[in-house]
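Participant: how does the following fold in three dimensions:
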Amino acid sequence: MTAAFARTLAAAMGLALATTSTAALAQQTPPPAAEPEAEEGRADIVVTAQKREERLQDVPIAVSVVPGSLIANQGGINLESAQYLVPTLNFRKSGTSLNQSLFLRGVGTSTFSIAGEPSVSTVVDGVVYSRAGEAFSDLVDIDRIEVLRGPQGTLFGKNASAGVINIVSKKPGREFAGYAEGGFYFDDGTEYRARAAIDVPLGEKAATRITGFYSDYDGNLFNDAPGVQDRVNGFKRWGVRGILVADPTPDVTVTLIGDYRKARDNCCAEVIGTTPTNLAAQILPTPRGTETRTVRQNLVTSTNEESYGGSLQIDATLGRNTVTSITAWRSYANEEIRDGDWLAAPYANAGLNELHDFGPQTGETFSQELRLTSPTGDLIEYTGGLFYSRAESERDFTRNDVVCAPNQTALTPCTATGIAVTRPTGTANFGSVFKNMAAFARFSVNVSDRFRLLGGLRFTHDQLDVFHIRRTTLAGPGIQPNFDQGVYDRYTQLVAGGTSPTAAATAAVAASNGVPFRTKTTNDNWSGMAGAQFDLTKRNTLYASWTRGYKGPAYNIFFNLTGTGTNVIEPETVDSYEAGLKNTFFDGKLVLNLAGYYAKYDNFQANNPDVVAGVLVTRFTNAGRISTRGGEFDLIFAPSRDVTLSGGLAYTDAHVDQFRQPTGTVTGVIASGTRLAYAPEWKASLAGDWRIRTGGAIDIGLNANASWQSEQISQFDANPAIRAATTIGDYALVDVAVSVIEAKDRFRLGFQVKNLFDQTFAAAITSGGPGGSYRYIIPREADRYFGVIGRVAF
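Facilitator: Residues are numbered from 1 along each chain as shown. Below you'll find the predicted structure:
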């Protein structure tokens with residue numbers, strides 16, 4: 001624990017304690033008799049972590065719950081914000097949302113492949129989001145986020161080998177009501193934000209809730225390239241969601257949800273944070289490490305997204321059981337535009353070529369779940385069902401280079417007289433279809449009022465089909481020659497004849513026939529869990545479990561695919577052991593939960609750095625065996641309806657046990673014991689929300705959030721020097737807010753300070769910049785900024 005952290009946390013704790021004391025003193029004046037303070041102040045929370053409504057304290061797994069109000073009060077936008085509220089959750093930021101990743105307990109999947117899935121599954125209102133990018137949409141009008149740690153495949157199945165993020169939207173009320181909210185953020189770029197929701201009853205048996213949002217942020221960096229001269233790393237986003245809940249009969253509930261979202265993000269440009277060893281040092285902004293806030297790029301790195309979909313959930317009583325059907329369809333389109341040379345123009349000097357990427361991707365997913373849930377309280381309680389999913393994605397990716405010759409000893413623009421200019425280009429079309437079918441069951445046997453045996457089983461059948469074709473007009477930096485079925489067939493012939501894979505990949509190009517390369521794989525898997533749960537007292541529960549987790553096979557299907565990368569990436573499996581103690585004190589006002597775990601992963605699917613056509617890329621492979629172990633502490637304290645404290649502390653030791661070097665790559669062997677990327681050893685958070693009731697027309701609201709994490713590796717690399725250079729140092733963030741609230745909650749006006757102590761940090765550090773430099777992604781949260789938020793309810 002560093003001195004900086006100690007000072008920051010001490011200041012935050014002092015602020016929290018001072019405010020809590022103020023709020024507690026305010027509560028000494030007895031409230032009106034009609035306000036049942038003791039009941040409303042309870043910390044008991046209802047969750048659906050096991051696909052049935054249960055008290056958080058009755059669920060025998062480690063679960064963190066983040067109320068939607070807490071995210072809203074802290075000005076949160078998406079799951080990137082949630083990482084500061086849940087110590088076991090980490091986030092890998094990238095140039096486009098397609099390549100961003102979530103990590104739980106130090107484990108996640110980072111891949112640029114169109115045929116790889118995340119290890120942390122995101123479920124929104126019962127629907128699994130099959131692509132990582134879809135998970136990072138705006139969190140608007142959210143009831144809660146449940147963070148389920150460890151493998152959750154028995155019930156959630158699809159890509160949940162490291163955990164599940166279960167997002168639950170607010171459902172419509174049965175009375176006409178709503179709210180409108182506007183926000184203005186400043187001092188680190190300017191943002192305008194608007195959100196609104198309205199509940200409309202449709203007779204006695206149905207109601208609907210319509211939610212809309214709009215955000216416009218100009219960015220936290222400045223691009224000073226000629227012809228740009230503007231702020232970047234901002235966004236324009238808007239969307240709408242409708243939820244209809246109807247009870248046509250006393251035994252049937254129908255929930256229909258539809259949503260649409262559009263985003264235009266000029267994010268995320270990478271700053272060059274260290275000094276290049278070549279002439280690029282003369283033409284780039286002065287590097288200042290994590291203090292760098294200027295880029296000089298003639299192409300604005302950006303992402304354009306459009307997503308929409310709908311789901312139909314039917315819950316029907318069948319005898320004493322409940323039958324649930326969830327049918328869902330989603331469409332997702334993402335266009336990546338990336339400046340891959342980080343310069344304002346190409347130069348006739350080694351390593352100063354132009355490299356621009358354009359990569360639109362589209363996809364559709366259909367899923368169907370059917371399950372049967374027993375009532376609670378019987379000797380055997382169970383949930384079982386069937387699941388089917390089909391996720392299809394396709395991408396067109398074009399890389400355009402500008403290469404100048406001859407190579408000059410002095411810095412020379414490509415526009416200089418006598419400089420020959422070539423424009424290598426390549427375009428690849430590739431795609432994947434994931435089909436997943438499963439049958440699952442989860443049960444508990446109530447041996448006594450205090451002791452329960454737990455079990456679960458899931459059978460999964462996966463099929464993955466992929467295709468790829470690349471046409472290259474002229475090979476250049478980062479562009480391999482043609483690749484298609486003809487090249488692949490010749491490659492396999494040469495390898496079978498004894499030619500080395502690398503030499504075969506080069507020689508096979510002459511056999512190009514213009515027919516897309518196609519292949520597929522299937523896999524069957526049995527996974528499950530077993531455990532026990534014992535109530536030490538009515539409000540203190542001990543549990544222990546073993547869980548076998550699974551994530552299906554994959555391929556490394558990306559722009560620069562060659563024959564050496566066409567192998568199947570084997571399924572990822574995990575054996576996880578967890579024990580925990582859930583404690584509730586003071587009549588439900590205080591929750592203290594402890595958990596310890598050990599998990600061992602085989603065939604860990606990970607991105608490893610590699611060099612393709614002279615450009616640093618990442619290769620998706622089976623990296624071998626890894627393990628993670630640690631302990632977690634969660635706190636919820638609600639002494640009254642107006643005072644809430646929540647927080648947590650996590651210790652994580654996630655490292656390589658035995659690394660497996662991919663065939664035909666230059667990737668080195670990562671030493672056993674090496675810590676995994678985005679797995680800080682320590683992480684902590686503390687959040688408080690206090691409402692001071694004055695007895696008059698206006699109340700005062702105070703809230704604060706402090707989070708800290710120790711250093712973490714950003715680039716999972718065999719070279720210790722690169723790992724050291726890409727290590728993100730420890731940092732602490734403190735956010736505070738004060739609001740004036742109308743006593744009957746009809747309006748609220750608040751003022752927020754984000755990153756109170758102006759703590760700078762990088763969200764990602766990567767090698768491969770010009771002249772051996774390092775590229776930094778600087779998030780908005782790395783600078784202090786302010787916000788004013790107004791809300792009117794009716």
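Participant: and the strands in the stretch 401-550 of the chain?
Facilitator: With DSSP state E, counting those that start in this stretch, the ranges of strands along the stretch 401-550 of the chain come out as 420-422, 425-446, 451-472, 517-537, 540-551.
Participant: apologies, that question was intended for the stretch 551-700 of the chain.
Facilitator: 572-585, 590-602, 605-612, 615-622, 624-640, 643-659, 682-692, 698-709.
Participant: likewise for the stretch 101-250 of the chain?
Facilitator: 101-104, 107-108, 120-124, 127-129, 142-149, 163-169, 177-186, 191-201, 206-217, 221-223, 230-232, 235-249.
Participant: centre of the chain to the second one, how far?
Facilitator: In terms of Cα atoms, centre = their mean, to the nearest Å, the gap separating the centre of strand 107-108 from the centre of its chain is 11 Å.
Participant: can you check the longest one too?
Facilitator: The offset between the C-alpha centroid of strand 235-249 and the centroid of the whole chain comes to 22 Å, using Cα atoms, centre = their mean.
Participant: follow-up on the earlier one: and the strands of the stretch 551-700 of the chain as a markdown table, adding mean neighbour count?
Facilitator: C-beta coordinates here come from the backbone N, C-alpha and C atoms, glycine included. Below are the strands of the stretch 551-700 of the chain laid out as a markdown table (neighbours: other Cβ atoms under 10 Å):
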| stretch | mean neighbour count |
| --- | --- |
| strand 572-585 | 20 |
| strand 590-602 | 19 |
| strand 605-612 | 22 |
| strand 615-622 | 21 |
| strand 624-640 | 20 |
| strand 643-659 | 21 |
| strand 682-692 | 22 |
| strand 698-709 | 22 |
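Participant: now do the helix or strand hosting Phe387: which elements does it pack against?
Facilitator: Per DSSP states H and E, Phe387 falls inside strand 380-405. Packing partners of strand 380-405 (3 or more Cβ pairs under 8 Å, 6 or more residues apart in numbering; DSSP states H and E): strand 354-373, strand 420-422, strand 425-446.
Participant: ok, the longest one: who's next to it in the sheet?
Facilitator: Translated: strand 425-446. Strand pairing for strand 425-446, using DSSP bridges, gives strand 380-405 (antiparallel), strand 451-472 (antiparallel).
Participant: okay, the angle between that strand and strand 517-537?
Facilitator: 30 degrees (axes from the mean of the first three to the mean of the last three Cα atoms, to 10 degrees).
Participant: which of the residues in the strand holding Phe387 are buried?
Facilitator: 381-385, 387, 389-395, 397-404 (16 or more other Cβ atoms under 10 Å).
Participant: please compute how far that strand lies from its chain's middle.
Facilitator: 15 Å.
Participant: cool, and stretch 564-579?
Facilitator: 20 Å.
Participant: and stretch 154-167, by the same measure?
Facilitator: Worked out by Cα atoms, centre = their mean, stretch 154-167 lies 13 Å from the chain centre.
Participant: one more: stretch 203-216?
Facilitator: Taking mean C-alpha positions (Cα atoms, centre = their mean), stretch 203-216 and its chain are 26 Å apart.
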